[in-house]
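Peer 1: Sequence and predicted structure are below.
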Amino acid sequence: MALPKKVSIIGGGIQGLCTAYYLNKEGLEVSVFEPKTAETGASYVNAGYLTPSHIIPLAAPGMISKGLKWMLNSSSPFYVKPRIERDFLKWSWRFYKSSTLQKVTAAIPVIKEINLLSEQCFKEIKSSGDLGDFQLDHHGLLMLYKTKSAAKAENEVAKKAASLGLKVSYPDQKELNNLQPQLSKDIIGGILYDCDSHTTPTEIMPKLKKRLLDSGVKFITEKVCRFEQKENKLTAIVTDKNNYPIEEVVIAAGAWSGQLAKQLDIDVSLEAGKGYRIDVHRETGIKIPAILMEAKVAVTPMKGFTRFAGTMELSGINKTIRKERVNAIAKAAEAYYPGLKITAAEKEAAVSGMRPVSPDGLPYIGRPKAIKNLCFATGHAMMGWSLGPATGKLISEIILNKKPSMDLSPFDPNRKF
């Protein structure tokens, strides 16, 4: 089978751009179909973490009961808006079936492996100089908690992480205050995942796009409407303005990937998981990334500002900013950092991004059986940023018929739930 010379990528987020990066370096002609709203998406508003420590998928035992408990509270960390829609009900049933100890146990080493692969890819991209210099700080990630129940839950995760060879430490109160001064007095402890790193997405994404443009990658800011197909092969992408003949296609359209798959009668089950961020462009005194356990809020000292991000809202694809959710993030941040006060203007400037969430918490990386010149690179949920480079590398290996850097079977778009 002859290798393709041209690849068309649908989606200008971290998955699409990293796929373009690796394919371009292999000498292929690459086009990225990117909507004009790409720079407001999840790849720009996330917490910027590289998290080998995040080994537990969203579809974990207990999440269903938490979702039901929080369903009527639109400011809760995990909010599900009830909807009588076929796709949502199918996704929910699959999520339920995936939330077993057996399936989570099987997913844990897979999530660790792809995170470590992606971290190595980030380091290689930085050392290559292809994007110039960018923030890639290895200070670890603090998990801060105020309650014994949160402490118990996170200690169980930490034990699993340590058993897999990930570096974990348990700072005492004095060490905790040295790591992050002026924490709230009612924080009873924390766990430091020394294995984690952090970045500034709004620094890396423009640099990555510039590198691609300078290297000859084409960016097409037209809306993809449909595909033309002959038997089991796609022959063209039809936009709202033009018709583009194609050789190879990658769908990396985030939360919109499921809609494109549906046009092709491919069952890629996805739900849009909305997250929010508040940026504070002034000194906050925050030195180290942290997750505020009870509130599920992520805190990141980025390049020139501090980001407060979080929540998982399953309410369909929409751009609605729920002020109660923004306020909940700000309130939690102020409760953990007593010297911090997030202003009304900073909260007003909050934005959201739509994460593509698969039912089992694992991404879709690979080819569907139905179409031989198509790949999916989506479904990464809250690990999208962390897994971007690994996904791009793996997709390039699939397209070029190279031996993949890891076993791809857990990410199979054809897998059963």
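Peer 2: Nice, thanks for sending it over.
Peer 1: those helices in the stretch 51-200 of the chain, which residues are they?
Peer 2: Using DSSP state H, counting those that start in this stretch, the helices of the stretch 51-200 of the chain run over residues 63-70, 86-98, 101-128, 148-163, 173-179.
Peer 1: what angle separates the longest one from helix 148-163?
Peer 2: Per axes from the mean of the first three to the mean of the last three C-alpha atoms, to 10 degrees, the angle that helix 101-128 makes with helix 148-163 is 70 degrees.
Peer 1: count of neighbours near residue 321?
Peer 2: Neighbour count for residue 321, taken as other C-beta atoms under 10 Å: 14. No exception for glycine: its C-beta is placed from N, CA and C like everyone else's.
Peer 1: can you list the weak-confidence ranges in the protein?
Peer 2: For the chain, applying pLDDT under 70 flags the ranges 1, 37-38, 62-75.
Peer 1: between the helices of the stretch 51-200 of the chain, which gets nearest to residue 3?
Peer 2: helix 101-128 (22.0 Å; C-beta to C-beta).
Peer 1: And that closest one, what's buried?
Peer 2: 103-104, 107-108, 110-119, 121-122, 125-126 (16 or more other C-beta atoms under 10 Å).
Peer 1: before we move on, what about stretch 260-269?
Peer 2: For stretch 260-269, by 16+ other C-beta under 10 Å, it's 260-261, 264, 266, 268-269.
Peer 1: Filter the residues you listed down to just the ones in strands.
Peer 2: If you go by DSSP state E, the buried residues of stretch 260-269 have nothing in strands.
Peer 1: Any chance of those residues in CSV with distance to residue 358 as columns?
Peer 2: Shown next, in CSV, are the buried residues of stretch 260-269 (distance: C-beta to C-beta, whole Å):
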residue, distance to residue 358
260, 15
261, 12
264, 18
266, 14
268, 8
269, 7
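Peer 1: The helices of the stretch 51-200 of the chain into CSV, with extra columns for distance to residue 381?
Peer 2: What follows is the helices of the stretch 51-200 of the chain, written out as CSV (distance: least, C-beta to C-beta, whole Å):
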stretch, distance to residue 381
helix 63-70, 12
helix 86-98, 11
helix 101-128, 11
helix 148-163, 17
helix 173-179, 28
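Peer 1: Show me the one of these that comes nearest residue 379.
Peer 2: That would be, of the helices of the stretch 51-200 of the chain and by C-beta to C-beta, helix 86-98, which comes in at 11.0 Å.
Peer 1: now the angle between helix 101-128 and that closest one, please.
Peer 2: Angle of helix 86-98 versus helix 101-128, following the same axes, to 10 degrees, is 100 degrees.
Peer 1: elements contacting helix 86-98?
Peer 2: Secondary-structure packing of helix 86-98 (3 or more C-beta pairs under 8 Å, 6 or more residues apart in numbering; DSSP states H and E): helix 63-70, strand 271-280.
Peer 1: Thank you kindly, that will do.
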